[in-house]
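*Asks:* Could you look at this predicted model? Sequence included:
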Amino acid sequence: MHKDELLELHNQMVIIMEYFREQDGINSSLFDPYDELSVSPDDVHKSKSEHKHAVFVLGNALATAMSEDEFSSAGRIGKRMQELADDAERKL
């Protein structure tokens, strides 16, 4: 994936995150790990690796917000996103 495509994906995921933050019953602290990264889609000067890590961390948070439990489809996706985020973080 090219960096511009990754930035677009990152941007779309942030839009979804903002939607979830507005919903009742969604714990907004799920998105704290993403917020702590301080990497937004607008940070074009950040490396592709930093954006990739942010996308995986955000993907984990979104999947967790959608999951009923760790064994649901979204729960399994969240677990895989966490594994990918950990791998991406080691490569930073």
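*Replies:* Cool, the structure landed. Quick caveat, the model's predicted, so the values are computed rather than measured. Residues are numbered from 1 along each chain as shown.
*Asks:* Quick test: name the residue nearest the centre of the protein.
*Replies:* With distances taken as Cα atoms, centre = their mean, the residue of the chain nearest its centroid is Leu58 (1.1 Å).
*Asks:* I'd guessed that residue sits against Glu36; true?
*Replies:* No: contact criterion Cβ atoms under 8 Å: Leu58 and Glu36 do not qualify, at 11.6 Å. C-beta coordinates here come from the backbone N, C-alpha and C atoms, glycine included.
*Asks:* now the helices: where do they sit in the chain?
*Replies:* Taking DSSP state H as the test, the helices found in the chain are 3-22, 32-37, 48-66, 73-90.
*Asks:* can you list the weak-confidence ranges in this structure?
*Replies:* For the chain, the stretches with pLDDT under 70 are 68-71.
*Asks:* residue at max distance from the center of it?
*Replies:* Distance-from-mean max, the chain, by Cα atoms, centre = their mean: Asp24 at 20.0 Å.
*Asks:* picking up where we left off before, dump the residue contacts of the residue nearest to the centre of the chain.
*Replies:* Leu58 makes contacts with 10, 13-14, 17, 31, 34, as judged by Cβ atoms under 8 Å, 6 or more residues apart in numbering.
*Asks:* how many other residues sit next to Ser38?
*Replies:* 10 (other Cβ atoms under 10 Å).
*Asks:* ok, it to Gln23 distance?
*Replies:* Ser38 sits at a distance of 24 Å from Gln23 (criterion: Cβ to Cβ, to the nearest Å).
*Asks:* residues touching Ala85, list them.
*Replies:* Taking Cβ under 8 Å, 6+ apart, one finds 53, 56-57, 59-60 in contact with Ala85.
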